[in-house]
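A.B. asks: I would like to see how this sequence folds:
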Amino acid sequence: MKNSQSPDIEEQIESDPLVGVNAKTSWYPAARGGAWSGGRKRILGPKALESNYYHVMSRTCGGEIFFDDTEKEALRRVIWRVAEFCGVSVLTYCIMGNHFHVLVSVPHRQSWMQRFEGPEGERRLLGHLRSLYSKAYIEQLEAEIREWRRLGMESMVEKKLESFRSRMCDLSRFVKEVKERFSRWYNKRHERRGTLWMDRFKSVLIEDARSQDAKSKSEGGRVDVVRAMAAYIDLNPVRAGLVADSKDYPWCGYGEACSGKRKAQRGLCRIVGKPVDGWEMLKVGKVYFDLLVGVDGETGKRRASGALAEASGAEKERSKRLTMRELVRFRVRAFSESMVLGSKAFVEDVFQANRSLFGAKRSEGARRLAGVEAPVYAARRVRQRFEAES
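C.D. replies: I've put the predicted structure just below:
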């Protein structure tokens, strides 16, 4: 049954199907921010680090619901908007027909939340809410806070503000918010009910190469898994045969950056270790393109496996170890299912910190990726065949 809507709203939706996803949350009586259990325990990064990096992937139910171009654009907008609210940095992403990937950096919560402390903290928090909530919502919230304070109910004020703060700098809350907001828009568009996404999202904690200690580097050199993961994500449409060059795919970080969008450009600048506003001056697009096509950083020559079509059969054999640049040309299950990726020391530390999540008989956490030249370790051994995206 269709929901009754005013003629004006129906005309807006007909002329611009994204009008709903662009709208910010308005005030309504039931908007009380109910409790959230958080679900099952997920492996998160060390709290002592300035930030932690994650590859997030989520698929539609059974992979049988496919997004059209308008829906991909809607999901892209939701991801950026929710990331801004949650304090999460999107480094790159890719939205495919029935799933999406996002590479994010989640900041140290205590440090990031300091902006909302002190005499001006509440004012800054209410200003921050405007990234996700409408002007009318903020005005109603401010009126409610004033009334609580008039009645001496300061605890209600704190409870309400904490309901917003608790959703920040949290990986699970970020993904939950993205999926729920997009689902509501998608279901309304298709006049459907029920779940859109398959179970829980997958996440892999990734070590930042800049934080690797001397022991890790002595085990085989500096391994930049974050950079490899970014290239892997942006190459999704190439592996799937949708485009020959990721810059021609509008719903991935590299494609968006090449179209001139500053947010996406800043994300790729961070990936290659350049100042966030150095996209043009430092030619970050060229640096990242070389990473995607497999240009050797030392010789400047394109590797034989730079393009997927040029990869020889021998490169798919286990007897040959692939470089990280070669690896990202293929579908790599470990990039989505290994739980943790990085140096041996990093994976071992995370394993010990999350010992209860692994089998009692397991004595060590780090499992080296098979068939890979670089010393990359995972917390879960995943059977791997290097093949193109199906």
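
A.B. asks: tell me which residues in the top helix by length along the chain are buried?
C.D. replies: Using DSSP state H to define each element, the chain has its longest helix at helix 171-190. Judged by neighbour count (16 or more other Cβ atoms under 10 Å), helix 171-190 contains these buried residues: 171-179, 181-183, 185-186, 189. (Each C-beta comes from the backbone N, C-alpha and C, glycine too.)

A.B. asks: how about the strands of the stretch 1-150 of the chain, start to end?
C.D. replies: Counting by DSSP state E, counting those that start in this stretch, residue ranges of the strands within the stretch 1-150 of the chain are 51-59, 89-95, 99-107.

A.B. asks: for the stretch 151-300 of the chain, that is, sorry about that
C.D. replies: In order along the chain, the stretch 151-300 of the chain carries the following strands (DSSP E, counting those that start in this stretch): 202-206.

A.B. asks: Where does pLDDT dip in it?
C.D. replies: 212-222, 295-300 (pLDDT under 70).

A.B. asks: Columns mean neighbour count on top of the strands of the stretch 1-150 of the chain, output as JSON lines?
C.D. replies: As requested, these are exported to JSON lines (neighbours: other Cβ atoms under 10 Å):
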{"stretch": "strand 51-59", "mean neighbour count": "21"}
{"stretch": "strand 89-95", "mean neighbour count": "24"}
{"stretch": "strand 99-107", "mean neighbour count": "23"}
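
A.B. asks: So for P250, which of those sits nearest?
C.D. replies: Put simply, out of the strands of the stretch 1-150 of the chain the one that sits nearest P250 is strand 89-95, at 9.2 Å, with distance taken as Cβ to Cβ.

A.B. asks: what's the closest one packed up against?
C.D. replies: Where contact means 3 or more Cβ pairs under 8 Å, 6 or more residues apart in numbering; DSSP states H and E, strand 89-95 is packed against helix 69-86, strand 99-107, helix 225-234, helix 253-258, helix 262-271.

A.B. asks: and the ones you listed as a markdown table, adding distance to V21?
C.D. replies: A markdown table is the format used below for those (distance: least, Cβ to Cβ, whole Å):
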| stretch | distance to V21 |
| --- | --- |
| helix 69-86 | 4 |
| strand 99-107 | 15 |
| helix 225-234 | 22 |
| helix 253-258 | 16 |
| helix 262-271 | 17 |
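
A.B. asks: how about the ones you listed, which one is nearest R146?
C.D. replies: Evaluated over these, closeness to R146 peaks at helix 69-86, with 23.4 Å, by Cβ to Cβ.

A.B. asks: Show me which residues of that closest one are buried.
C.D. replies: Counting neighbours by 16+ other Cβ under 10 Å, one finds that the buried residues in helix 69-86 are 71-83, 85-86.

A.B. asks: got a pLDDT number for the most centrally placed residue in the chain?
C.D. replies: For the chain, the residue lying nearest the average C-alpha position, counting by Cα atoms, centre = their mean, turns out to be V102 (2.8 Å). Here, the pLDDT recorded for V102 equals 99.

A.B. asks: One more: L49?
C.D. replies: In this model, L49 is scored at 86, pLDDT.

A.B. asks: returning to what we had before: same for the longest helix of the chain, what does it pack against?
C.D. replies: Helix 171-190 is packed against helix 19-22, strand 51-59, helix 69-86, strand 99-107, with contacts defined by 3+ Cβ pairs under 8 Å, 6+ apart.

A.B. asks: I'd like these written out as CSV, with distance to R130 added.
C.D. replies: Formatted as CSV, the entries for the helices and strands packed on helix 171-190 read as follows, by distance: least, Cβ to Cβ, whole Å:
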stretch, distance to R130
helix 19-22, 14
strand 51-59, 24
helix 69-86, 9
strand 99-107, 20
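
A.B. asks: quick one, which of those is nearest to R167?
C.D. replies: Across those, the minimum distance to R167, taken as Cβ to Cβ, is reached by helix 69-86, at 6.3 Å.

A.B. asks: now the closest one against strand 89-95, angle please.
C.D. replies: Helix 69-86 runs at 160 degrees relative to strand 89-95, counting by axes from the mean of the first three to the mean of the last three Cα atoms, to 10 degrees.

A.B. asks: which outside residues touch helix 69-86?
C.D. replies: With Cβ atoms under 8 Å, 6 or more residues apart in numbering as the test, helix 69-86 has contacts from 17-18, 21-22, 67, 88-90, 93, 95, 100, 102, 104, 128-129, 131-132, 167-170, 173-174, 177-178, 181-182, 185-186, 189, 250-251, 256, 263.

A.B. asks: Could I have the CA atoms of the longest helix of the chain written out in PDB?
C.D. replies: Listed in PDB are the C-alpha atoms of helix 171-190, where the atom choice follows Å, rounded to 0.1, in the frame of the first residue of the first chain:
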ATOM      1  CA  LEU A 171      32.900   1.700  13.800                       C
ATOM      2  CA  SER A 172      29.800  -0.300  14.400                       C
ATOM      3  CA  ARG A 173      27.600   2.700  15.100                       C
ATOM      4  CA  PHE A 174      28.900   4.300  11.900                       C
ATOM      5  CA  VAL A 175      28.000   1.300   9.700                       C
ATOM      6  CA  LYS A 176      24.700   0.800  11.500                       C
ATOM      7  CA  GLU A 177      23.700   4.400  10.800                       C
ATOM      8  CA  VAL A 178      24.700   4.200   7.100                       C
ATOM      9  CA  LYS A 179      22.800   0.900   6.500                       C
ATOM     10  CA  GLU A 180      19.700   2.000   8.400                       C
ATOM     11  CA  ARG A 181      19.400   5.400   6.800                       C
ATOM     12  CA  PHE A 182      19.900   4.000   3.300                       C
ATOM     13  CA  SER A 183      17.500   1.100   4.000                       C
ATOM     14  CA  ARG A 184      14.700   3.500   5.000                       C
ATOM     15  CA  TRP A 185      15.200   5.500   1.800                       C
ATOM     16  CA  TYR A 186      15.500   2.400  -0.400                       C
ATOM     17  CA  ASN A 187      12.400   0.700   1.100                       C
ATOM     18  CA  LYS A 188      10.300   3.800   0.700                       C
ATOM     19  CA  ARG A 189      11.400   4.100  -2.900                       C
ATOM     20  CA  HIS A 190      10.500   0.500  -3.700                       C
END
